[in-house]
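*Asks:* Sequence plus the predicted model coming up.
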Amino acid sequence: MSAFSEAALEKKLSELSNSQQSVQTLSLWLIHHRKHSRPIVTVWERELRKAKPNRKLTFLYLANDVIQNSKRKGPEFTKDFAPVIVEAFKHVSSETDENCKKHLGRVLSIWEERSVYENDVLEQLRQALYGDKKSRKRSYEQIKVDENENCSSLGSPSEPPQTIDLIRALQELENAASGDAAVHQRIASLPVEVQDVSLLDKITDKESGEQLSKMVDDACMLLADYNGRLAAEIDDRKQLTRMLSDFLRCQKEALAEKEHKLEEYKRKLARVSQVRKELRSRIQNLPDLSRLPNVTGSHVHLPFAGDIYSED
């Protein structure tokens, strides 16, 4: 891998795109240079604030990837990102739209589930993202419980989650890493030399050693990138599982309510039908006025009260 320098990092950050491969490739480079974690975080924060609003979320995706995937090698990045990550969340949250905040919320929920930071830091991140509103300072599970209760009371089968969100999540998994046949083929085609330590004894000169070193670096990049994609896919599938579980629970509640309504309206229909039957029976027993004698042209004089007292 290329040597570390702040100028090199600035260039790589300027070329960083929102694609998973771009984020994970740069993340691997940073982890490789983790002994420079402090200046890396300094440059990262500076470039984050200079970036256009539509690129700021990508910087946090990069930080997320570095923090999580570097933990098994050392605590450097987790420790050095801690003093700046809260302000970074505030900055990105204030500079972007609500959709971006949803993605930040997802990153935060993952950090909470995996205890990436201590509770006090996680609480500061929650405040940075949601403000001081007590109702927003809840865990994912608490939020889902409340949403399910609201769903039951409102009788709305589409909350939570929205059907369109489920469709989008399912569509995103159509191109998941586990189905990437091209990468599968590349991994299957890796030369045996990069996978078997015992074959290192066959290296007899510097040139062949450097050649093998390059092959090993490329294999590491390929596998690290694919492992990162698979880890992200696992997170996506876990999230989808929760969404489907919530959606199914809400649908069951809505179904029970609709079945109750159906029984109620069946009883109403039975009562109305009984009234109609009884009404028809009574109508049949009433006299038919249309069959009375025709008295057209005759005049019947009915006396007024004054007629009684009139003089002859």
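*Replies:* Done, it's in. Residues are numbered from 1 along each chain as shown.
*Asks:* Please report the distance of the nearest residue to Pro53 once chain neighbours are set aside from Glu15.
*Replies:* Nearest residue to Pro53, sequence neighbours excluded (Cβ to Cβ, 6 or more residues apart in numbering): Glu95, at 5.0 Å. (C-beta placed from N, C-alpha, C; glycine too.) From Glu95 across to Glu15, the span is 21 Å (Cβ to Cβ, to the nearest Å).
*Asks:* cool, Arg126 as well?
*Replies:* 32 Å.
*Asks:* ok, those two, which is more surrounded?
*Replies:* Set Arg126 next to Glu15 and count neighbours by other Cβ atoms under 10 Å: Arg126 wins out with 20 against 9.
*Asks:* To which secondary structure element is the more buried one assigned?
*Replies:* helix 119-130 (DSSP states H and E).
*Asks:* If you count contacts, what does that helix end up packed against?
*Replies:* With contacts defined as 3 or more Cβ pairs under 8 Å, 6 or more residues apart in numbering; DSSP states H and E, helix 119-130 has these neighbours: helix 76-95, helix 98-114.
*Asks:* With mean pLDDT and mean neighbour count added, can I get those helices in CSV?
*Replies:* Shown next, in CSV, are these (pLDDT from 0 to 100; neighbours: other Cβ atoms under 10 Å):
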stretch, mean pLDDT, mean neighbour count
helix 76-95, 92, 18
helix 98-114, 86, 15
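*Asks:* Those into CSV, with extra columns for distance to Glu259?
*Replies:* Shown next, in CSV, are those (distance: least, Cβ to Cβ, whole Å):
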stretch, distance to Glu259
helix 76-95, 43
helix 98-114, 34
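*Asks:* Quick one: closest of those helices to Asn175.
*Replies:* Closest of those to Asn175 is helix 98-114, at 18.1 Å (criterion: Cβ to Cβ).
*Asks:* Could you tell me which ranges of the stretch 201-312 of the chain sit under the pLDDT cut-off?
*Replies:* 290-312 (pLDDT under 70).
*Asks:* SS state for Asn18?
*Replies:* coil (DSSP: H, G, I helix; E, B strand; the rest coil).
*Asks:* residues contacting it?
*Replies:* Neighbour list for Asn18: Arg55, Leu57, Thr58, Tyr61 [criterion: Cβ atoms under 8 Å, 6 or more residues apart in numbering].
*Asks:* hmm, try it at 10 Å
*Replies:* By Cβ atoms under 10 Å, 6 or more residues apart in numbering, the contact set of Asn18 is Asn54, Arg55, Leu57, Thr58, Tyr61.
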